[in-house]
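Asks: Coordinates for the following, if possible.
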Amino acid sequence: MDQEKRLIVAEEPKSALVLQDRRALAITDEQYQWNPQQVAALEQLGVENASQADLMVFFDYAKRTGLDPFMRQIYMIERSKPGGGKRQTIQTGIDGFRVIAQRTGKYGGRVKMEWADGSGRWYEMWPFDLPPVAARVYVRRIGWPDLTVGVAMFREYAATKYNGDLTSMWLKMPAGQLAKCAEAQALRTAFPLDLGGMYVDEEMEQANNPEPGPTITVPGDGAPSNGPDWSKMIDERMAKVQEDPDAVVGALQALFTQAKGMTKDPKILNAILTAQREAKAVLDQRADSGEKPKSTRPAREQSAPASKDDGEGGTTGHPATSPQKAKMMRLVRGGGITDAAAQHLVISRILTAAGMVHTGPLVTLSDLTQGQAGAVLEMLEGAEQDGTIDVVVGQFEPNPEDAEDAKLLAAWTAAREKYDAAQKEAKTRK
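Replies: Residues are numbered from 1 along each chain as shown. As a prediction, this is how the structure comes out:
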């Protein structure tokens, strides 16, 4: 038998075409559309509801990339659209992306792969059981002066089942799945003419997520969950509070930021904040007694110095200085937040993450104490130093389409208008 013959067998063939000469399925240089044999084979592979326009687009991608749809190197999948209806998505695996990039003759390889925790610190190897907040991958295109980077957020790509639990692969290997999404982004940016409009499987799995997105509940409250055991992680950190309260405050701050990227369950977030306040109380008590706190945290991660003038509510103490306020706004803007209401809400949420809760909307930065401003700058400056300012600020960014966030933004706008009116009236009286 001719060694170049291959059999394509369908259990329930939809046409009389059951046996095909493999050579008849190969795309030739002269072709500009699928031939009848190829269309029949595509139908047997599941591409049966695609329009003629979708088929033409798929043909263009297959011919341009050199990937074989009949060997499942590239495929078109029908997915539901958010507002109803169907759409066709062209997908391949990350290996397919690498092959396409390599064929250009300009691919210099993957240079670096990193993962971020909730505080914005990046790791070249992810050592934790908790999923990373983000993955970042750098690739080199020969002839380009700079590396190309792709960043993927866990909350945007994690795939879930209909009950909201993470799917098997995202539960077992979250770091690897997220890194593939980041690498695909980087490769698309480096080779837009070759990979534009194509996606790897891991990027598109989230398209099947139920609405709303994943909800991860505290284990033990009666709801099933394959997510992190938040109670256990809180207890593990609090077990060291007497030994090193400053390190525990920092660890709980990172945990809060990480949790906020994965769930909006108030029970989880409040549990972490409560533990953080308890740890900070231990730290403040030792400071009041004159005991110098011991810490294993790096210098730039130390909490703002505790003092009697800087209570948790921030109602007393010296006001934040003008340089502090200017630097906070510059860093928040550097994270991509340009709206004034959103900027102030981000700063207020960073205060909460640091265990220094501000009562009511943060109308003006003049309401902050120097200690509170120092806590905000500590996180933002660390993120800027690591090159992750956009990731860290993004964790606290309000979503105007979210009802709760929209209410907070409106409350700030109303409070600021009232404040500006009062300031104007005060100037008029003078």
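
Asks: Tell me the spacing between the spatially most central residue of the chain and Q206.
Replies: Taking Cα atoms, centre = their mean, the centroid of the chain lies closest to M153, which sits 1.7 Å from it. With distances taken as Cβ to Cβ, to the nearest Å, M153 is found 11 Å from Q206. Glycine gets a C-beta too; all of them are placed from N, C-alpha and C.

Asks: confidence score at the residue nearest to the centre of the chain?
Replies: Looking at M153, its pLDDT reads 91.

Asks: Show me what it is bridged to.
Replies: A134 (DSSP bridges).

Asks: That one touches R136, doesn't it?
Replies: No - using Cβ atoms under 8 Å as the test, M153 is too far from R136 to be in contact (10.4 Å).

Asks: Could you list every helix and strand in contact with the helix or strand containing A410?
Replies: Here A410, judged by DSSP states H and E, is contained in helix 403-429. Secondary structure elements in contact with helix 403-429, counted by 3 or more Cβ pairs under 8 Å, 6 or more residues apart in numbering; DSSP states H and E, are helix 340-353.

Asks: hmm, who's touching the helix it packs on?
Replies: 253, 256-257, 260, 273, 314, 328-329, 332-333, 335, 337, 357-358, 361-365, 368, 372, 375-376, 379-380, 393, 396-398, 405, 408-409, 412-413, 416 (Cβ atoms under 8 Å, 6 or more residues apart in numbering).

Asks: Mind checking which of the residues you listed land in helices?
Replies: Using DSSP state H to define helices, the subset of those located there is 253, 256-257, 260, 273, 328-329, 332-333, 372, 375-376, 379-380, 393, 396, 405, 408-409, 412-413, 416.

Asks: Only the buried subset of these, as a PyMOL command please.
Replies: Applied in PyMOL, the following selects the buried portion of the ones in helices among the contacts of helix 340-353 according to 16 or more other Cβ atoms under 10 Å:
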select buried, resi 253+256+257+260+273+328+329+332+372+375+376+379+380+393+396+408+409+412+416
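
Asks: Identify each buried residue in the one helix or strand V99 maps to, please.
Replies: Element membership for V99 (DSSP H and E) is helix 94-103. Neighbour counts over helix 94-103 (16+ other Cβ under 10 Å) mark I94, G96, F97, R98, V99, I100, A101 as buried.

Asks: contacting residues around the residue lying closest to V151 once chain neighbours are set aside?
Replies: Spatial nearest neighbour of V151, chain neighbours left out: R136 (5.0 Å); criterion: Cβ to Cβ, 6 or more residues apart in numbering. Counting by Cβ under 8 Å, 6+ apart, R136 makes contact with K112, M113, E114, W115, A116, W122, V149, G150, V151, A152, A182.

Asks: Same question for I234.
Replies: L252, L255, A271, I272, A275.

Asks: again with V139
Replies: With Cβ under 8 Å, 6+ apart, V139 has these contacts: 101, 107-111, 147-148, 150, 183, 186-187, 190.
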